[in-house]
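In: Predicted model and sequence below, questions to follow.
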Amino acid sequence: MSSTREPEYIKLYKKMSDEITSGVYKRGDRLPSKRTLADNTGLSPVTVEHAYALLTEEGYAESRERSGYYVSYGDGQYRPPVNAPDAPESAAKRQHTKAMAALDLPGPAFHFPAWARIVRQVLSSRQERIFERSPYQGHPELREALRDFLARSRGINCEPEQIIIGSGSDCLYERLIRLFGRDNTFGVESPSYSQIARIYRAGGAKLELLKLGVNGILTDELARTSASVLHVTPYRSFPSGVTADAGKRREYLNWAAAPDRYIIEDDVESEFTVMRRPMSPLYALSERGNVVYMNTFSVTLSPSLRISYMVLPPALLGRYKTTSGFYSCPVPTFDQLILAEFIRSGEFERYVNRVRRLKRG
């Protein structure tokens, strides 16, 4: 149920997206005009326009000049061109590349005095406790701060015991190989961040490279793969810049509806989206509890920080503790406490909002 605190355009967006995904409006159908919808709902045309802008950004609808809005959400059968990764850069990708190069993160958006204040605060309040050994899954304070942040920003509801802290994503990829086993085949986007495939191969995992289209892994590739674990970066795949729209995200979840299939969702950099409302992660959309959510502060803050994390669905916790639960957390307690306070104080979200404003120009 929508919160009464939500803006009206968000409530309308949710209602329209639910009607599209449930089949009330089918792919290619013309949606009501802004004026008609405003009259029927009692909302202003501006509110309706904002809702339609969100539907368009997330891939539920498309705007056609002098014609209106049409449903673009597919039934899982959308087949983008095979050569899409080699197509000219999209305007969004060019904007993203230019903005990130100009920012040289953390750079001008990062408030170093706030970080310094938090370092001093943690030193003063914790003293010798900063030398204590971290619990194997990570310090409880950081995992609690991440739980609250994910609920606020990504719609992910989880418990701290589901969160695993690692020293960079590489560390977590290795643990995922142990979690799912080398007998399972991992499907990876092609092209993708080269380190993903390297680590899976180095760990002895079976690997399949699945070609990307304009909005994610091609439908034909998903249909033919023998993979039982799909590793995807729906927000923006590197180096192609491909973003999975709402239809493709639903297609991934439909693929994972078969028995013994899992998705690893690498949500790197999603905090910096310029969309009014970030697209929901697969973890939050999944009804089967078979999505592992991953993210890293190596991109949002600095590679030198070397702190990443993953959220395991409850059903995988027991298996994780058996396969990797005995490995120590490789991130120093002091660093975890600083980051926990940086998030808890609201400084991290203020920093993210500054970056988003800079990216919008």
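Out: Structure received.
In: Pick out the residue closest to the middle of the chain.
Out: residue 267 (3.0 Å; C-alpha atoms, centre = their mean).
In: If we ignore the residues flanking it in sequence, what's nearest that one?
Out: Among residues not flanking residue 267 along the chain, residue 295 sits closest, at 4.8 Å (C-beta to C-beta, 6 or more residues apart in numbering). Just so you know, the C-beta spots here come from the backbone N, C-alpha and C atoms, and that holds for glycine as well.
In: still on that earlier bit, contacting residues around the residue nearest to the centre of the chain?
Out: 154, 233-235, 281, 293-295 (C-beta atoms under 8 Å, 6 or more residues apart in numbering).
In: try 7 Å
Out: 235, 281, 293-295 (C-beta atoms under 7 Å, 6 or more residues apart in numbering).
In: Buried among those? Need that as a selection in ChimeraX.
Out: Burial among these is assessed by 16 or more other C-beta atoms under 10 Å; the matching ChimeraX selection reads:
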select :235,281,293,294,295
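In: could the contacts of residue 267 go into a markdown table alongside distance to residue 223 and secondary structure?
Out: Listed next are those as a markdown table, based on distance: C-beta to C-beta, whole Å; DSSP: H, G, I helix; E, B strand; the rest coil:
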| residue | distance to residue 223 | secondary structure |
| --- | --- | --- |
| 235 | 24 | coil |
| 281 | 24 | coil |
| 293 | 25 | strand |
| 294 | 25 | strand |
| 295 | 29 | strand |
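In: Now do whatever helix or strand residue 116 lives in: which elements does it pack against?
Out: Here residue 116 is covered by helix 112-126, with elements defined by DSSP states H and E. On a contact count with 3 or more C-beta pairs under 7 Å, 6 or more residues apart in numbering; DSSP states H and E, helix 112-126 meets helix 333-344.
In: So what touches stretch 137-155?
Out: Looking at what lies outside stretch 137-155 - C-beta under 7 Å, 6+ apart - the contacts are 156-160, 163-165, 280-281, 284, 309, 329, 331, 333, 336-337, 339-340, 343-344.
In: gap between it and the chain center?
Out: With C-alpha atoms, centre = their mean, to the nearest Å as the basis, stretch 137-155 stands 15 Å off its chain's centre.
In: go on, stretch 250-263?
Out: That offset, for stretch 250-263, works out to 17 Å (C-alpha atoms, centre = their mean).
In: ranges for the strands of the stretch 101-250 of the chain?
Out: 163-166, 185-190, 206-213, 216-217, 229-232 (DSSP state E, counting those that start in this stretch).
In: quick one, which of those strands is nearest to residue 43?
Out: strand 216-217 (32.6 Å; C-beta to C-beta).
In: which residues are contacting that closest one?
Out: 189, 210, 232, 234, 242, 244, 248.
In: Write a ChimeraX command that selects only the buried members of those.
Out: Listed next is the ChimeraX selection for buried residues among the contacts of strand 216-217, using 16+ other C-beta under 10 Å:
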select :189,210,232,234,242,244,248
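In: Quick check: of the contacts of strand 216-217, which lies closest to residue 32?
Out: After measuring the contacts of strand 216-217 against residue 32 - C-beta to C-beta - the closest member comes out as residue 248, at 25.3 Å.
In: What separation do you get for that closest one and residue 39?
Out: 33 Å (C-beta to C-beta, to the nearest Å).
In: what's the lowest-pLDDT member of the contacts of residue 267?
Out: The member of these with the lowest pLDDT is residue 235, at 90.
In: how close does that residue sit to residue 321?
Out: Counting by C-beta to C-beta, the gap from residue 235 to residue 321 is 29 Å.
In: got it, and residue 246?
Out: From residue 246 over to residue 321 (counting by C-beta to C-beta), the distance is 35 Å.
In: Just want to know which of the two has more residues nearby.
Out: residue 246 (23 against 14; other C-beta atoms under 10 Å).
In: got a pLDDT number for the more buried one?
Out: 86.
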